[in-house]
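Q: Make a model of this:
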Amino acid sequence: MFKDKTIWITGGSSGIGEALALQFASQGARIVLSARRNDELNRVRDACIGQGLSSENVLVLPLDVTDFEFMPVAVTRVCDAFGHIDMLINNAGISQRSLCVDTDMTVYRKLFDVDVLGQIALTKAVLPLMLERRSGHIVITSSVAGKIGVARRTGYCAAKHAVMGFYDALRAETSGVGIKVTTITPGFINTNISVNALKGDGSEFGSVDKDIAGGMDVTRCAEVIMEGFRKGTPEIAVGEGMEMKALWLKRFFPKAVFKKVAQMG
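A: The predicted structure follows:
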C-alpha cells in the first residue's frame, strides 16, 4: 500500500515521527524527514536505511515550521527529489508544563506558531499540488488534549483543539476531490514530549512526566496509526491508559470528566 509512495514527516527526528518513519521504511516508501535537528534527522535516516530502504529514497530536509516563507522552497525540494507528495504528516509540535497565571504570552504565541500556524502553513503549501493531482493524504498529530482540557496545558490544549478543528474543516472541504485528511489523537505515549515542553518563562521543562514515562510504547503507537491509515480511519485515537476512556466519557458524562481532570490538576 505504501511502497514507492512519497511520505513527508515533520517532527521526524524523534518520538512518533521517527517511529512512523521506520514503519514506512520497512514497507518501501520514499520518505522525507523534517525537523530542526539535522544530526538527529540523519540518525533517523540511517535507521530507515537499516530497515532496507535505499539511501536514494530518504531525503533529509531540515525545517523550522515557524519559518512560513521557507515552506514553498521546501515543497519544491521535495518535488525535485521525488516528483510529488502522496502523504504529508504534520507531526512537529511542542508541549507545555505551566499554570496559566505563570505563563508568559510569548510562550502562548510560540505554542500557536509551532503547533497550529506552522502546520497550517505547510499544509497550504502542499495542498495545491494535491488538488491539482486530485490525490493526496494530509495528516495532523493532535492529542487527547485536543479534546479535553487539563491543568498546566492551557496553551497546548488550546493549540491542539485548534488543529483538530482546522483539519476537521479541511476534511469537509476536500472530501470530494480525492484528498483524505486524518487526525491522530494520541494519549500518553512514551516519548520526550515532556522533556522538551515549555515552562511559563519559555525554558524547557527538562524531565519526563510520570504519565508519559508509563505511556504506550512509541513503536506500538506507530503500528496502531499505520493500521488506521490502512483502514482509512479519519480520526485515529491511540493510547492505552485511562485518558483514552475519557475521550468517550466526555461525550456522555462531561461533568464527571471535568471533575476528574480538576482533581488531577
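Q: what's the following helix or strand after the longest strand along the chain?
A: Scanning the chain for the longest strand, with DSSP state E as the assignment, gives strand 179-186. Proceeding N to C from strand 179-186, the next assigned helix or strand is helix 210-213, under DSSP states H and E.
Q: List the neighbouring strands of the longest strand of the chain plus their orientation.
A: Take DSSP bridges as the rule and strand 179-186 pairs in its sheet with strand 136-141 (parallel), strand 235-238 (parallel).
Q: Now the first one - C-alpha only, PDB.
A: This points to strand 136-141. Output of strand 136-141 as PDB, limited to C-alpha atoms (Å, rounded to 0.1, in the frame of the first residue of the first chain):
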ATOM      1  CA  GLY A 136      -3.200  13.000  -1.500                       C
ATOM      2  CA  HIS A 137      -3.400  12.400   2.200                       C
ATOM      3  CA  ILE A 138      -2.900  15.100   4.800                       C
ATOM      4  CA  VAL A 139      -2.300  14.000   8.400                       C
ATOM      5  CA  ILE A 140      -2.100  16.000  11.700                       C
ATOM      6  CA  THR A 141      -0.900  14.800  15.000                       C
END
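Q: Pull out the buried residues from the helix or strand just after it.
A: The first helix or strand that comes after strand 136-141 along the chain, using DSSP H and E, is helix 154-174. Residues of helix 154-174 classed as buried by neighbour count (16 or more other Cβ atoms under 10 Å): 154-164, 166-167, 170-171, 174. C-beta coordinates here come from the backbone N, C-alpha and C atoms, glycine included.
Q: model confidence over the longest strand of the chain, on average?
A: Per-region confidence: strand 179-186 scores 98 on mean pLDDT.
Q: buried residues in stretch 204-220?
A: Buried, per 16+ other Cβ under 10 Å, within stretch 204-220: 205, 208-209, 212, 215-216, 218.
Q: end-to-end on it?
A: 27 Å (Cα to Cα, to the nearest Å).
Q: what sits up against it?
A: 15-16, 18-19, 22, 97, 186-199, 238-241, 243 (Cβ atoms under 8 Å, 6 or more residues apart in numbering).
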